[in-house]
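Undergrad: All I have is the shape, not the residue letters:
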């Protein structure tokens, strides 16, 4: 029997988002005081992301006797990520040139509060490409879990998975079963935490509207609208074409992950729905080893929304400050963005930091101009997170099909029925 609509998680989150917007508009001070609700939910989810990713990746690799297959999946994932991410960067560049968003803004740098971007500039400097490569290696095994760096956790998981894979058969099976059981426990924790998603989404949205107001959207509405429309075009046209090649409808896929999309919308962070995405992709017929490797890897190397934002916002600032960029400078911007966008995490504000890093590396556009985007970055972050999240889901299905590890009948069956609860019990997942 179908449960009443108001008992479904997606409906509860949607109602919570609407109430958050209303409270933010009617009582801004009260709404801003609810920020801890959103922060607490995000912390609860992030608390279990590292162990979920670790157990999923280790189990996936340890279950495959052909170790070379894991390397093959990794290379295919990186090739896919690079091609699609570069296309996203180029799309932002083309749209900015066609619509010339920001032209006539005549931004006066002397009137800007440069101090408002100082923290972002400092983080951008710390998150340089070289520095990030060194940070992939944790100081200790447990240090990766304490810091919550997904790339560090992924590195440890890959090494542990291969180590278990190399053990004698009896020991390998025993260790694999233990990791699988541990993973089920952490998925159970996720199922409990996700029940608080409506409360977290309400607090986060109320704070956003109360702190920044809808006025920020009006002032820079042209950029916000252009970005949202470009991102939507990327999802429905580019990712839609990839989905069609894989044999499924992008609209049905969006309906399948609608609960997770609403959680991402409410929290402005794609990481808050990472465990649920991995669960649903496995339930939709993607092989566990492919899910375990491509999804965490995609959160650092396949950020389509962030890529579109970076080139679009960079050219917006160029037009707004009347900075002329030659074709060579724009291509340089594209090449630099290809590097700076790698390794950006899925948390709120990461896109702003990578944009600061890109502008710092490309002479011409003044970094101080970023101050004009601070007020709307929260609204932009929501679209970045949603696009990143959808892109990683489609990427996993595409790479699974490319690898010949996609159960297309199971995928069709999963997308044909209504979205299952994001908090489904671990034992409801298909056997590996």
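TA: Yes, it's here. Everything numeric in this text was worked out from a predicted model, so none of it was measured. Residues are numbered from 1 along each chain as shown.
Undergrad: How many residues are close by residue 253?
TA: Using other Cβ atoms under 10 Å, residue 253 has 23 other residues around it. The C-beta positions use only the backbone N, C-alpha and C, and glycine is treated the same way.
Undergrad: That one: helix or strand, and which one exactly?
TA: Taking DSSP states H and E as the definition, one finds residue 253 inside helix 250-256.
Undergrad: Only the buried residues of that helix, if you could.
TA: By neighbour count on 16 or more other Cβ atoms under 10 Å, the buried set for helix 250-256 is 250, 253, 254, 256.
Undergrad: what does stretch 326-333 give?
TA: By 16+ other Cβ under 10 Å, the buried positions in stretch 326-333 come out as 329, 330, 332, 333.
Undergrad: Just the ones of the residues you listed in helices?
TA: Residues of these located in helices (DSSP state H): 329, 330, 332, 333.
Undergrad: what's the pLDDT at residue 161?
TA: Here the pLDDT value assigned to residue 161 is 87.
Undergrad: how far away is it from residue 187?
TA: According to Cβ to Cβ, to the nearest Å, residue 161 stands 18 Å off from residue 187.
Undergrad: just residue 35 next, same as before
TA: Residue 35 sits 28 Å away from residue 187, going by Cβ to Cβ.
Undergrad: Looking at these two, which one has more neighbours?
TA: Legend: neighbour count by other Cβ under 10 Å for residue 35 and residue 187, higher for residue 187 (25 against 16).
Undergrad: which SS class is the more buried one?
TA: Following DSSP: H, G, I helix; E, B strand; the rest coil, residue 187 is assigned to helix.
Undergrad: Low-confidence stretches in this structure?
TA: Residue ranges of the chain with pLDDT under 70: 1-3, 5-7, 65-68, 107-135, 214-219, 340-353, 361-363, 374-375, 418-432.
Undergrad: need the longest helix for it.
TA: Max-length helix for the chain by DSSP H is helix 67-99.
Undergrad: Show me what it is packed against.
TA: helix 35-62, helix 150-165, helix 221-233, helix 288-301, helix 304-320, helix 327-340, helix 377-403 (3 or more Cβ pairs under 8 Å, 6 or more residues apart in numbering; DSSP states H and E).
Undergrad: Next, the angle helix 67-99 makes with the first one.
TA: Relative orientation of helix 35-62 with respect to helix 67-99: 140 degrees, computed using axes from the mean of the first three to the mean of the last three Cα atoms, to 10 degrees.
Undergrad: ok, and for helix 35-62, which residues are buried?
TA: Along helix 35-62, these residues count as buried under the neighbour rule (16+ other Cβ under 10 Å): 35, 37-38, 41-42, 44-45, 48-62.
Undergrad: what about that helix, distance to the chain center?
TA: Here the centre of helix 35-62 is set off from its chain's centre by 13 Å, with Cα atoms, centre = their mean, to the nearest Å.
Undergrad: what's the answer for the last one, then?
TA: Centroid displacement of helix 377-403 relative to its chain, using Cα atoms, centre = their mean, is 6 Å.
Undergrad: after it, next one along is what?
TA: The helix or strand immediately downstream of helix 377-403 is helix 408-416, counting by DSSP H and E.
Undergrad: Just the buried residues of that next one, please?
TA: 411, 414, 415.
Undergrad: Residue 182 - how many residues pack around it?
TA: Count around residue 182 with other Cβ under 10 Å applied: 16.
Undergrad: same thing with residue 211?
TA: For residue 211, the count of nearby residues is 16 (other Cβ under 10 Å).
Undergrad: Where does it fall, secondary structure wise?
TA: Judged by DSSP H and E, residue 211 forms part of helix 197-212.
Undergrad: what angle do that helix and helix 35-62 make?
TA: Using the same axes, to 10 degrees: helix 197-212 against helix 35-62 is 130 degrees.
Undergrad: So which other helices or strands are in contact with helix 197-212?
TA: Packing partners of helix 197-212 (3+ Cβ pairs under 8 Å, 6+ apart): helix 9-26, helix 28-32, helix 35-62, helix 258-267, helix 377-403.
Undergrad: Let's have these in a markdown table, adding distance to residue 296.
TA: Below are the helices and strands packed on helix 197-212 laid out as a markdown table (distance: least, Cβ to Cβ, whole Å):
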| stretch | distance to residue 296 |
| --- | --- |
| helix 9-26 | 24 |
| helix 28-32 | 34 |
| helix 35-62 | 5 |
| helix 258-267 | 16 |
| helix 377-403 | 9 |
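Undergrad: Out of the ones you listed, which gets nearest to residue 292?
TA: For the helices and strands packed on helix 197-212, proximity to residue 292 was assessed by Cβ to Cβ; helix 35-62 is nearest, at 3.6 Å.
Undergrad: So which elements touch the closest one?
TA: Right, helix 35-62 is packed against helix 67-99, helix 141-147, helix 150-165, helix 169-194, helix 197-212, helix 258-267, helix 274-283, helix 288-301 by 3+ Cβ pairs under 8 Å, 6+ apart.
Undergrad: For residue 10, find the nearest of those.
TA: helix 258-267 (4.3 Å).
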